[in-house]
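Asker: The following block contains a protein sequence and its predicted model.
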Amino acid sequence: MNDLGKNTIKGKLRILTPVHIGGAQEKHLQKGLDYITNGSVVYFLDEKKLISHFGIDKYSNALATNSLEKLIKDTGNKPGFFCTHNISISGEIGADIKMNIKNTLTGKPIIPGSSLKGALRSVIYNYASNGEVIPEKDERGRHRNMEQKYFGKIDEDPFRYLIVNDIEFSNSAYVNTKTFNLLSIQKGGWKQSGKSTEQFSSQGFTFPLEIIELDAIGDYEIVINNKALETSIRNNKVKISEKTKSLFENKENIFFKIIQSYSQKYLESERAFFQRYQGEKYELILVEIDRLLQLNEKSPILRVGLGSGFHAMTGDTLHPSHLIDEIARIGRNGDKTRGKNRGEDSAKSRKIAFIGEGDTLQLFPMGFVQLLDENAYKAIQAEIEKEQVERAGQAASILEQNKKQADEEQRRKDELKKPQMTLISALSKNRSRSIDAEVIGLNGTQLILKPFVEKMESHKYEIRYAAGLPMGTIVQVEAILIANNSKLQLSGSPKIKGI
């Protein structure tokens, strides 16, 4: 649409693979402060419920001592008693969950216009340079300002005349991620607690994220101020080639066509990367890349946000392929490595999102979205709605299954916490043995304990434990018989049973 010298491109943007765009102003959730976990189920804590139950002083003290999760679990209530809602995240859930940027007024997740514009800029840069492989450094080893060759300096940049709106979506979701990394220039694998192994594991070195819900649809709008751009070109205020200028005019829908061409080449290069280096479960990544290639044939796809990677961010012009020919050691102690191609930096790792476990495991390259014009959206609208329903059903099923597993695990832990009676004949006056006891009071720095020992349930004993424990806590403590086998002598430091 052309309105008063402006070319406006409108359509729908579809989320194809997990998209996460963080921001400095966004609050990451911290374990034990904003949420607690039970297996793969995450319970988001309700501050009002916690303060109402424990009181502000006890709640504040638990926050200050990083013991809120323990305080909650010691009550014996299920985690859901203190939460607003719960969700399921596959794999190990770490110390924090990175949150997606939101619309500050509605609280809904967004893709900022600046992020989409940056992705478009990379594509247009690749188009303007004819896909020419441009070394990052000149013959003297100095870094080039490569985009300046095609877009000029900041005050000459034609992208000042391209405006992209923020895109809002209804719902967010949560996903875990792993890092695919090269073990050598022959073999790929997965990062695992500071090292890389060929095997994939949903545990260790995982990074959970809030993402925009898969298959979600948002409205995008790209406005190109052609009139102002033409004026600046005539006055020599903008540096732009005829080829790039035609793209801004978007004649014969060339904008979409060059995105499709770029993404096809990019995805084929990524496919060659995983096909070359493999590593366990790499076939699942290839399945997803093949799906993306098919979708790109119908309507163009782009890559945005976290995980979009080195090649996408540089316009994919630094190297003729995504393969590497060297892994160089860097850092003060040579304890870090970096991929190289023809002596220049290249990417040897990829951020991969995963959902499910075992036979249900799915692996996703991150950040892919699809641009749909009105006709393309109508053609696949029923398909998208069907997939959304199926995904919602799958998510509900997985959550229910994980909750059952978590509840069963909690029941098992609760059983372990139950006190066991010790026969007096099993105790000795020469060798200590662990017994169960219940905290029934405090006396300064001393715990007052009731032992679960035959014929001694009515006795009370004190043992030093300066931190104190809540009434009713079951502990294990070392004990021997004294006084003609009529009393106990306790020793050591009490340990909370089942922890």
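Answerer: Arrived safely, thanks for sending.

Asker: isn't residue 319 right next to residue 344, touching?
Answerer: Yes. The pair residue 319 / residue 344 is scored as a contact, 7.5 Å apart, by Cβ atoms under 8 Å. Heads up, the C-betas are built off the backbone N, CA and C, glycines and all.

Asker: Let me know whether my guess that residue 121 is in a strand holds.
Answerer: No. Counting by DSSP: H, G, I helix; E, B strand; the rest coil, residue 121 falls outside a strand, being helix.

Asker: And what about the closest residue in space to it that isn't next to it in sequence, helix, strand or coil?
Answerer: Nearest non-adjacent residue to residue 121, counting by Cβ to Cβ, 6 or more residues apart in numbering: residue 159, 6.0 Å away. On the three-state scheme (three-state DSSP), residue 159 is labelled helix.

Asker: hang on, the earlier thing: more neighbours, residue 319 and residue 344?
Answerer: A count of neighbours by other Cβ atoms under 10 Å puts residue 319 above the other of residue 319 and residue 344, at 24 against 13.

Asker: which residues touch stretch 488-499?
Answerer: 413-414, 416-417, 419, 427, 432, 435-437, 447, 449, 451, 453, 456, 459, 461, 463, 465, 469, 473-482 (Cβ atoms under 8 Å, 6 or more residues apart in numbering).

Asker: For the residue nearest in space to the middle of the chain, grab phi and psi.
Answerer: By Cα atoms, centre = their mean, the chain has its centre lying nearest to residue 209, at 2.6 Å. Dihedral angles of residue 209 (phi, psi; degrees, to the nearest 10) stand at phi -140, psi 150.

Asker: check contacts around it.
Answerer: Residue 209 makes contact with 18, 20, 97, 98, 100, 174, 175, 176, 177, 306, 353, according to Cβ under 8 Å, 6+ apart.

Asker: Repeat that for residue 434.
Answerer: By Cβ under 8 Å, 6+ apart, the residues touching residue 434 are 476, 477, 478, 479.

Asker: same thing with residue 473?
Answerer: Contact analysis of residue 473 by Cβ under 8 Å, 6+ apart lists 74, 438, 439, 496.

Asker: which two from those residues end up farthest apart in space?
Answerer: Using Cβ to Cβ, those span at most 13.0 Å, a distance reached by 74 and 438.

Asker: where along the stretch 101-250 of the chain do the helices fall?
Answerer: 113-128, 148-151, 226-234, 242-249 (DSSP state H, counting those that start in this stretch).

Asker: Does anything pack onto the second one? Which helices or strands?
Answerer: To tie it back to what came earlier, the one meant is helix 148-151. helix 113-128 (3 or more Cβ pairs under 8 Å, 6 or more residues apart in numbering; DSSP states H and E).

Asker: Can you list the buried residues in the helix it packs on?
Answerer: Counting neighbours by 16 or more other Cβ atoms under 10 Å, one finds that the buried residues in helix 113-128 are 113, 115-128.

Asker: repeat for stretch 78-90
Answerer: Buried residues in stretch 78-90, defined by neighbour count with 16+ other Cβ under 10 Å: 79, 82, 83, 86, 87, 88, 89, 90.

Asker: Same list (those residues) but as JSON lines, adding secondary structure and pLDDT.
Answerer: Below are the buried residues of stretch 78-90 laid out as JSON lines (DSSP: H, G, I helix; E, B strand; the rest coil; pLDDT from 0 to 100):
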{"residue": "79", "secondary structure": "helix", "pLDDT": "76"}
{"residue": "82", "secondary structure": "helix", "pLDDT": "88"}
{"residue": "83", "secondary structure": "strand", "pLDDT": "90"}
{"residue": "86", "secondary structure": "strand", "pLDDT": "88"}
{"residue": "87", "secondary structure": "strand", "pLDDT": "88"}
{"residue": "88", "secondary structure": "strand", "pLDDT": "88"}
{"residue": "89", "secondary structure": "coil", "pLDDT": "92"}
{"residue": "90", "secondary structure": "coil", "pLDDT": "91"}
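
Asker: Pick out whichever of the residues you listed sits closest to residue 294.
Answerer: Residue 294 lies nearest to residue 90 out of the buried residues of stretch 78-90, by Cβ to Cβ, at 25.3 Å.

Asker: what separates the closest one from residue 177, distance-wise?
Answerer: Distance of residue 90 to residue 177, computed by Cβ to Cβ, to the nearest Å: 10 Å.

Asker: okay, and the common contacts of those two?
Answerer: By the contact definition Cβ under 8 Å, 6+ apart, residue 90 and residue 177 are jointly contacted by residue 354.

Asker: Spell out the residue ranges of the strands in the stretch 101-250 of the chain.
Answerer: Counting by DSSP state E, counting those that start in this stretch, the segments of the stretch 101-250 of the chain that form strands are 110-111, 162-164, 167-168, 172-182, 188-192, 195-197, 209-212, 217-225.

Asker: what residues does the third one touch?
Answerer: Yep, that's strand 167-168 we're talking about. 13, 103, 106, 108, 109, 110, 111, 113, 116, 218, 219, 220.

Asker: Got a ChimeraX select line for the buried ones in those?
Answerer: The ChimeraX selection below is limited to those of the contacts of strand 167-168 classed as buried (16+ other Cβ under 10 Å):
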select :13,109,110,111,113,116,218,220
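
Asker: Leaving out chain neighbours, which residue sits closest to residue 431?
Answerer: Nearest to residue 431 is residue 480, by Cβ to Cβ, 6+ apart, at 7.1 Å.

Asker: any idea of the mean pLDDT in stretch 42-49?
Answerer: Mean pLDDT, computed over stretch 42-49, is 92.

Asker: what helix or strand does the residue nearest to residue 335 when sequence neighbours are not counted sit in?
Answerer: Of all residues beyond its chain neighbours, the one nearest residue 335 is residue 329 (7.7 Å), with distances taken as Cβ to Cβ, 6+ apart. Secondary structure assignment for residue 329, by DSSP states H and E: strand 326-330.
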